[in-house]
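In: Have a look at this prediction, sequence included:
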Amino acid sequence: MINKQKYLDKINSATTAAELESVRIEILGRQGLLNQLFSDIKNQPNPKEYGQELNQLKKELENLIKSKNFESTKLQSNKKLGLPTVALAKVGHLHPITITERQLNEVFRKLGFSIYNGPEIVSAEYNFKRLNVPENHPAMDMQDTLYIQEPDYLLRTQTSTIESYLLQQESQNLPIRAAFPGSVFRNEKVNRSNHFVFHQYQAVVVDKNVTMKDLIGTMDLMFKALYGPEVVVRYRCKYYPEVEPGVGPDMQCFSCHGKGCVLCKYAGWIEMGGSGMIHPKVLRMAGIDPNIYSGFAFGMGLDRWTMAQKNITDIRTLMGGNLAYKPNEL
């Protein structure tokens with residue numbers, strides 16, 4: 001059982017706005033107590049009920065924090081005393097990518113996934129070799145990869161790197177259901193739809209009897225959760241070294257609705273990521289027997305998902321510092 005009262009007492013003990021914010025970060029922050037409980041779902045005897053209980057607790061805690069508005073109480077007190085009030089500074093908002101990332105985290109937590117993270121500076125072994133990328137593969141070229149110390153250490157080029165660490169670490173604790181957002185880096189020419197710093201959202205499942213049906217069903221649910229039931233998606237066969245077979249999900253261009261424009265390069269469709277069934281070689285390198293276990297993985301371009309959701313037509317806007325941008329001006 002979760003000790004709900006412990007968290008309620010922490011919030012109720014806050015006596016100032018600063019203390020309340022500190023408690024909020026301690027409980028609900030990315031590295032907070034509640035996320036630690038969510039990451040332990042897979043170890044519970046009844047993960048579904050445990051997850052539902054956690055979601056209910058999270059809502060109660062968020063509502064309690066919102067109800068303790070110290071600034072509002074202070075202003076009301078000043079008005080009663082006839083004292084002049086001071087206009088509060090404009091409060092900022094979350095970055096669009098962060099908003100989309102949190103929405104996806106919520107979707108996957110409800111599906112029983114744990115949310116992971118990993119290092120951005122990695123070894124070539126985990127970025128390439130353990131993902132079945134041959135030593136002389138073009139993806140390792142300096143034109144694509146940003147090396148810290150060639151040829152051994154680099155800025156990760158894909159969130160699949162977290163997958164290779166995860167498979168090795170959890171190979172004796174199967175099954176695995178994990179999702180992980182993160183920044184990735186490639187020596188790309190910056191334009192309307194590409195950037196040298198961008199973001200991906202990865203998910204991995206390893207269990208007995210996992211099939212392509214599970215992969216497509218999970219991605220369909222993800223698309224509909226973010227874009228609604230009317231979203232138009234197609235799946236094409238594609239090659240990725242770390243999966244077999246590979247699948248590329250495309251979404252109908254949100255800017256031209258399939259007619260063709262600069263954003264979709266006049267194709268009418270935007271490639272949203274890559275996916276497939278985890279290659280047997282990748283499982284073996286992690287110490288997992290592919291004759292017993294199978295799995296799927298997908299990595300989605302989080303920037304493009306955000307652009308589609310917020311109707312942003314230039315990826316450079318997401319990494320820029322112009323605070324004057326408004327959604328209807330992008």
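Out: Nice, I can see it.
In: Name the secondary structure element that contains V23.
Out: Applying DSSP states H and E as the criterion places V23 in helix 17-28.
In: Give me the distance between that helix and the centre of its chain.
Out: In terms of C-alpha atoms, centre = their mean, to the nearest Å, the centre of helix 17-28 is found 23 Å from the chain centre.
In: try stretch 157-169
Out: Relative to the centre of its chain, stretch 157-169 is centred 14 Å away, using C-alpha atoms, centre = their mean.
In: same deal with stretch 43-62?
Out: 20 Å.
In: CA atoms only for that stretch - export them in CSV, please.
Out: Output of stretch 43-62 as CSV, limited to C-alpha atoms (Å, rounded to 0.1, in the frame of the first residue of the first chain):
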residue,chain,number,x,y,z
ASN,A,43,7.9,-5.0,-9.5
GLN,A,44,4.4,-4.9,-8.0
PRO,A,45,2.3,-8.1,-7.7
ASN,A,46,-0.7,-6.3,-9.3
PRO,A,47,0.8,-3.5,-11.6
LYS,A,48,-2.6,-2.4,-13.0
GLU,A,49,-4.2,-1.7,-9.6
TYR,A,50,-0.9,-0.1,-8.3
GLY,A,51,-0.8,2.2,-11.4
GLN,A,52,-4.4,3.3,-11.0
GLU,A,53,-3.8,4.0,-7.3
LEU,A,54,-0.7,6.1,-8.2
ASN,A,55,-2.6,8.1,-10.8
GLN,A,56,-5.4,8.9,-8.3
LEU,A,57,-2.8,9.9,-5.7
LYS,A,58,-1.1,12.2,-8.3
LYS,A,59,-4.4,14.0,-9.1
GLU,A,60,-5.1,14.5,-5.4
LEU,A,61,-1.7,15.9,-4.7
GLU,A,62,-1.8,18.2,-7.7
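In: the helices in the chain, which residues?
Out: Remark: helices assigned in the chain by DSSP state H are 4-12, 17-28, 33-38, 47-67, 70-81, 96-110, 124-127, 160-169, 212-227, 280-285, 302-310, 316-319.
In: Which one of those lies nearest to H195?
Out: Taking C-beta to C-beta as the criterion, helix 316-319 is the member of the helices of the chain that comes nearest to H195, at 6.0 Å. Using the backbone N, CA and C atoms, a C-beta is placed for each residue, glycine as well.
In: chain center to that closest one, what's the gap?
Out: Chain-centre distance of helix 316-319: 18 Å, with C-alpha atoms, centre = their mean.
In: Quick one: closest of the helices of the chain to G268.
Out: Checking the helices of the chain against G268 by C-beta to C-beta gives helix 302-310 as the closest, at 13.8 Å.
In: Dump the C-alpha coordinates for the closest one into CSV.
Out: Once side chains and other backbone atoms are set aside, the C-alpha atoms of helix 302-310 remain, and they are given as CSV (Å, rounded to 0.1, in the frame of the first residue of the first chain):
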residue,chain,number,x,y,z
LEU,A,302,9.4,14.3,-30.6
ASP,A,303,9.9,17.7,-32.3
ARG,A,304,7.7,16.7,-35.3
TRP,A,305,5.1,15.3,-33.0
THR,A,306,5.0,18.6,-31.1
MET,A,307,4.9,20.6,-34.4
ALA,A,308,2.0,18.6,-35.6
GLN,A,309,0.1,19.0,-32.3
LYS,A,310,0.8,22.8,-32.0
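In: Which positions within it qualify as buried?
Out: Of the residues in helix 302-310, those buried by neighbour count under the rule 16 or more other C-beta atoms under 10 Å are L302, D303, R304, W305, T306, M307, A308, K310.
In: for the closest residue to E170 other than its chain neighbours, what are its contacts?
Out: Setting aside the residues directly before and after it, E170 is nearest to I176 in space (C-beta to C-beta, 6 or more residues apart in numbering), at 5.2 Å. Contact partners of I176, counting by C-beta atoms under 8 Å, 6 or more residues apart in numbering, are K42, L166, L167, E170, V204, V205, V206, D207, G295.
In: and I176, bridged to which residues?
Out: Using DSSP bridges, the beta-bridge partners of I176 come out as V206.
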